[in-house]
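S.K.: Requesting a structural model of the entry that follows:
(2 chains)
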Amino acid sequence: MPGKTSNARSTAAIDWPAAIYRALKSQRVRQVSYVPDAGHKRLIDLCHADRDMAVVPLTTEEEGIGLAAGAWLGGERATLLMQSSGVGNCINTLTLASNCGFPLLIVVTMRGEWGEFNPWQIPMGQTTPDVLRLSGVRTLRLERAEDALATVTAAARLAFEGYAAAAVLIGQRMIGTKTFEDKP
Amino acid sequence: MTAPQLDRRKIVRALLDRRGGLLVVAGLGSAAWDCTAAGDDPLTFPLWGAMGSACMMGLGLALAQPARRVLVVTGDGEMLMGMGSLATIGSQRPRNLAVVVLDNERYGETGMQETHTAHGVDLAAVARACGFADARIVRSNSEIAPLRAAVYRGRGPLFFQVKVRPETLPLVLPPRDGAHLKHRFREALLGKKAATA
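M.R.: Down below sits the predicted model:
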């Protein structure tokens, strides 16, 4: 299959989006916001199917930073899902996390780092880890599907018990590299 | 187009007087000073940055506290930067959220440059098109009492674009420490649970 890695095949056997969903549930995340990515499709579907979650589609990623801050003011935990191209949109708004100590959990599906076919994804994908670090966000890499539950749980604890801003970066190799050959 | 005439401090005092359990997010700049001039309160979260975020903070708070009324008070410049959040709020339709934009048609903190609303951009029409239950422009003092009633009792989401005079008023500043503002808000709202939630 052109563009698909061997990792993507082994990944398919493990329902890692369901593992991330279980991690969010066990960490009492109640508000989930997102700008969609193909890599987040199943997780987004699982969240929408959960009547106890408020699921908030956004017009741009930084809206999710404000939403998470408001949720915390009101006593709830929030998580923001996005693709790496959305990280740059968040930079100034991340001051809410660094200035006020609002907990923040972001789950990022990476583009532009592993067999990327779209050159427009590469600059932001390559700078995503540094942009987050410079903005005060701790990053955890998720490279193997079997680590999804542990890694997202660890990031959630950093955020909600450590009062930190934390992002899980899901490797493009694990998600499976997008190609237009796969598209209908 | 007639020049905006209303007194922003008078409007905000009218909204925040005897506020009960109202939860308030104030957008950065003059809107935050106006809320502070009406009386600093732990249940007001004034922003000093993160421009464009006021409405989204209000949405997160409204979703977390469906039994409480939530009011976002912000300016036209701040609202223009987060205009997409009107679409996001419109798609969620929180019944307990109201947004009041104090529209002086200027960027008041940076030299009174005209904003887009000085050139005909109708934010209330945007909010209406995004599915707000009620969205209108307020131009006269006679509309203040109904505005207050809507903020406290109306079925949201509600949006009011209040045309206020472009004027530079004495600064009345809220605390600047974001961690302090967060803690005092959560303690006032959540009590002892604030430390454990």
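
S.K.: now what about the host helix or strand of B:L189, what contacts it?
M.R.: Under the criterion of DSSP states H and E, B:L189 resides in helix B:178-190. Residues from elsewhere that reach helix B:178-190, judged by CB atoms under 8 Å, 6 or more residues apart in numbering or on different chains: A:72-75, A:96, A:99-102, B:23, B:42-46, B:48, B:65, B:174-175, B:194, B:197. (Glycine included, C-beta is placed from N, CA and C.)

S.K.: Now the buried members of the residues you listed.
M.R.: When burial is judged by neighbour count using 16 or more other CB atoms under 10 Å in any protein chain shown, the buried members of those are A:72-75, A:96, A:99-102, B:23, B:43-46, B:48, B:65, B:174, B:194.

S.K.: so how far is chain A from the residue nearest the centre of chain B?
M.R.: For chain B, the residue sitting closest to the mean C-alpha position, by CA atoms, centre = their mean, is B:V73 at 1.3 Å. Distance from B:V73 to chain A, counting by CB to the nearest CB, to the nearest Å: 14 Å.

S.K.: show me the contacts for that residue.
M.R.: The neighbourhood of B:V73, defined by CB under 8 Å, 6+ apart, consists of B:V12, B:L15, B:V24, B:V25, B:A26, B:G27, B:A31, B:D34, B:C35, B:A54, B:V100, B:L102.

S.K.: Could you check how many residues crowd around the spatially closest residue to B:R8 that is not a sequence neighbour?
M.R.: By the measure of CB to CB, 6 or more residues apart in numbering or on different chains, the closest residue to B:R8 outside its immediate chain neighbours is B:V164, 4.0 Å from it. The local packing of B:V164 (other CB atoms under 10 Å in any protein chain shown) involves 28 other residues.

S.K.: pLDDT score assigned to B:V164?
M.R.: As predicted, B:V164 sits at a pLDDT of 98.

S.K.: Next: B:A98.
M.R.: pLDDT recorded at B:A98 is 98.

S.K.: Which residues does the nearest residue to it once chain neighbours are set aside form beta bridges with?
M.R.: For B:A98, the nearest residue in space outside its immediate sequence neighbours is B:L158; the separation is 4.1 Å by CB to CB, 6+ apart. For B:L158, the beta-bridge partners under DSSP bridges are B:A98, B:D134.

S.K.: I'd guessed B:L158 sits against B:D134; true?
M.R.: Yes. Counting by CB atoms under 8 Å, B:L158 sits close enough to B:D134 to count as a contact (5.1 Å).

S.K.: which residues are common contacts for these two?
M.R.: Taking CB under 8 Å, 6+ apart as the contact definition, B:L158 and B:D134 share the neighbouring residues B:A150.

S.K.: Point out where chain A drops to low pLDDT.
M.R.: A:1-12, A:177-184 (pLDDT under 70).

S.K.: Tell me which stretches of the chain form strands.
M.R.: In the absence of a named chain, this looks at chain A. Remark: strands of chain A, listed N- to C-terminal, are A:29-34, A:54-57, A:77-83, A:104-109, A:138-142, A:165-170; assignment by DSSP state E.

S.K.: my bad, chain B
M.R.: Listed in chain order, the strands of chain B (DSSP E) span residues B:23-26, B:44-46, B:70-75, B:97-103, B:106-107, B:113-114, B:134-138, B:158-163.
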